[in-house]
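Undergrad: Using only what follows, build the 3D model:
(2 chains)
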There are 2 protein chains.
Amino acid sequence: MNIAIIGLGLIGGSLGLALKRAGQASLKITGVPRREETIKLALQLGAIDEGTTDLAKGVADADLVFVCTPINLIIPIITEIAPKLKKGAIVTDVGSSKYEIVSQAEKLMPKGVYFVGGHPLAGKETTKLEAAEAGLFSNRTWVLTRTSKTSKKASEQVEQVVGLIGGLVVGMEPKIHDHVVAAVSHMPLAVAAALVNTVAGEEQKELMTKCVASGFRDTTRIASGDPILGVDMFKTNKKSVLKMIGAFKKSLTNLEKMIREGDGEKIREELTKAKQFRDAIYNEKPAG
Amino acid sequence: MNIAIIGLGLIGGSLGLALKRAGQASLKITGVPRREETIKLALQLGAIDEGTTDLAKGVADADLVFVCTPINLIIPIITEIAPKLKKGAIVTDVGSSKYEIVSQAEKLMPKGVYFVGGHPLAGKETTKLEAAEAGLFSNRTWVLTRTSKTSKKASEQVEQVVGLIGGLVVGMEPKIHDHVVAAVSHMPLAVAAALVNTVAGEEQKELMTKCVASGFRDTTRIASGDPILGVDMFKTNKKSVLKMIGAFKKSLTNLEKMIREGDGEKIREELTKAKQFRDAIYNEKPAG
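TA: Residues are numbered from 1 along each chain as shown, chains lettered A, B, ... in the order given. Just a heads-up that it's a prediction; the model follows:
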């Protein structure tokens, strides 16, 4: 199977490393980054078998194409490669919002070429190839979106490849996916950034930074991610993000009211509910 | 110097271990827990030299008393020990809210006995003695509050002992302290708990828990702490906590507006501001 990976950052690079580690002799990995230097580095890291910066050339022989670029480039790239794909080829992506991408990508596919939207729930604060890891997707959820237009065969093929690198496939409709990631990823980023900016806006911010302990560090960690990724999340998943920010504000206002009323028993119940829900998630899941 | 530690949980136990590790032959550590079994365990761990569950006996010879109980017990205990202290003794505590405790404790001190409010910015999710660590306070901020009534000599003596175990003393007025910890510790707990409860209240919560990655885990970590501690924080530091929740909601609403307007440039600036402020904190601080 010929696999093309367009975009060799953290995700594309880790995907290449993971596929190479899976060690199937029949897999050929072609890397298609924007810059020549990236090909050299990816070859050195052992993340690809060969590379080109020419999109058309990169996908010409591909059975499966992974588009691993920032969200805002996914549709422009799919638009460009669609007419160059061979019959039976499958295109998938790793964008963290799905409804817009999937609707547009499905329309762009020529007859006999298939699109399956994807989103691996894995990442780091950096998006650089240098940080790529073969184990990044191992035991992590990898969403594949399914619509009425999704080819079952194509979807199964992507699922098989994701399984090769240890990803746990969960199928979802694009709209459901966007709502889900708004809740557990995009809205929490807004919360973490707002938390940091609250402290940054305080007169006593110098003293506050002296007094931060591990709690503040962890609660705000995602606010140190690449701002461009955040902008992409908020722009491409606006509706669900706003809905979840609204739900969060309601939940916080609820707790605020209990604090204002000084009702210790109600506060304890509210905190216990949170603790139990969270403990149930992380006692069942491997750390990562 | 005779040091009494009242309350042998994570903080009291770690304090004992740290003092013993400091290895000053002239220090004698008396542990005063509530239960006999705790004395046995603390002796086994090497956190104390001797122990008693009798408060009066425990503090009779003490030059310095650390009250390391949950917040709601600090004032009752100081009330009980105040008349039993020897002339020149110093009492300090480790409660995470200071204004109420310091005002009351200062009034409770007999002539010739001194109170200095304290708050080490260190902790874990558990409050158990079993999790105690000699290094818990090493290179961590330890706030000592100063008021017009604080004895300079007493404050310096506490500072010296905190320095022995690696704590970095920062002096603050109690009200300022409470505002600062509301911003970096108490309000973030309210945010983390509200975040978990937002997801817990969603119809798609099952799917959401399948899709949580490291971002959600870290952002909500403090919501897994002991609910009782949270209740204490919110009740004893109510005014500052409410003020900081208000400031946070304003900051989030500001970002929400940018997302609603789809203004990528403004969102990028807001996220960049957060990233830079946070990176500046954690690039200067050792992890912990």
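Undergrad: List the residues that contact whichever residue of the stretch 1-150 of chain A sits closest to chain B.
TA: Closest residue of the stretch 1-150 of chain A to chain B, CB to the nearest CB: A:L121 (4.4 Å). Just so you know, the C-beta spots here come from the backbone N, C-alpha and C atoms, and that holds for glycine as well. Each residue near A:L121 by CB atoms under 8 Å, 6 or more residues apart in numbering or on different chains is listed here: A:R140, A:T141, A:W142, A:V143, A:V181, A:S185, B:C211, B:V212, B:A213.
Undergrad: one more time with 6 Å
TA: A:R140, A:T141, B:C211, B:A213 (CB atoms under 6 Å, 6 or more residues apart in numbering or on different chains).
Undergrad: And A:A22, by the same measure?
TA: A:L164, A:I165 are the contacts of A:A22 under CB under 6 Å, 6+ apart.
Undergrad: now do A:M1
TA: A:L27, A:D63.
Undergrad: how much space between it and A:G167?
TA: 16 Å (CB to CB, to the nearest Å).
Undergrad: biggest separation within the contacts of A:L121, which pair?
TA: Taking CB to CB as the measure, those span a maximum distance of 9.9 Å, between A:R140 and B:C211.
Undergrad: dump the residue contacts of the closest residue to A:N237 other than its chain neighbours.
TA: In space, and not counting its chain neighbours, A:N237 is closest to A:S97: 3.9 Å by CB to CB, 6 or more residues apart in numbering or on different chains. Counting by CB under 6 Å, 6+ apart, A:S97 touches A:D178, A:T236, A:N237.
Undergrad: now the helices: where do they sit in the stretch 101-250 of chain A?
TA: A:152-164, A:174-181, A:187-200, A:205-210, A:214-219, A:227-236, A:238-261 (DSSP state H, counting those that start in this stretch).
Undergrad: Go through the ones you listed and pick out the most buried.
TA: helix A:187-200 (a mean of 26; mean count of other CB atoms under 10 Å in any protein chain shown).
Undergrad: Tell me which other helices or strands that helix touches.
TA: Judged by 3 or more CB pairs under 6 Å, 6 or more residues apart in numbering or on different chains; DSSP states H and E, helix A:187-200 is in contact with helix A:238-261, helix B:214-219, helix B:238-261, helix B:264-284.
Undergrad: now with 7 Å?
TA: Packing partners of helix A:187-200 (3 or more CB pairs under 7 Å, 6 or more residues apart in numbering or on different chains; DSSP states H and E): helix A:238-261, helix B:187-200, helix B:214-219, helix B:238-261, helix B:264-284.
Undergrad: Switch these over to JSON lines; also include distance to A:L136.
TA: Listed next are the helices and strands packed on helix A:187-200 as JSON lines, based on distance: least, CB to CB, whole Å:
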{"stretch": "helix A:238-261", "distance to A:L136": "25"}
{"stretch": "helix B:187-200", "distance to A:L136": "24"}
{"stretch": "helix B:214-219", "distance to A:L136": "11"}
{"stretch": "helix B:238-261", "distance to A:L136": "28"}
{"stretch": "helix B:264-284", "distance to A:L136": "22"}
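Undergrad: I'd like to know which of these lies nearest to B:K149.
TA: With CB to CB as the measure, helix B:238-261 is the member of the helices and strands packed on helix A:187-200 nearest B:K149 (21.2 Å).
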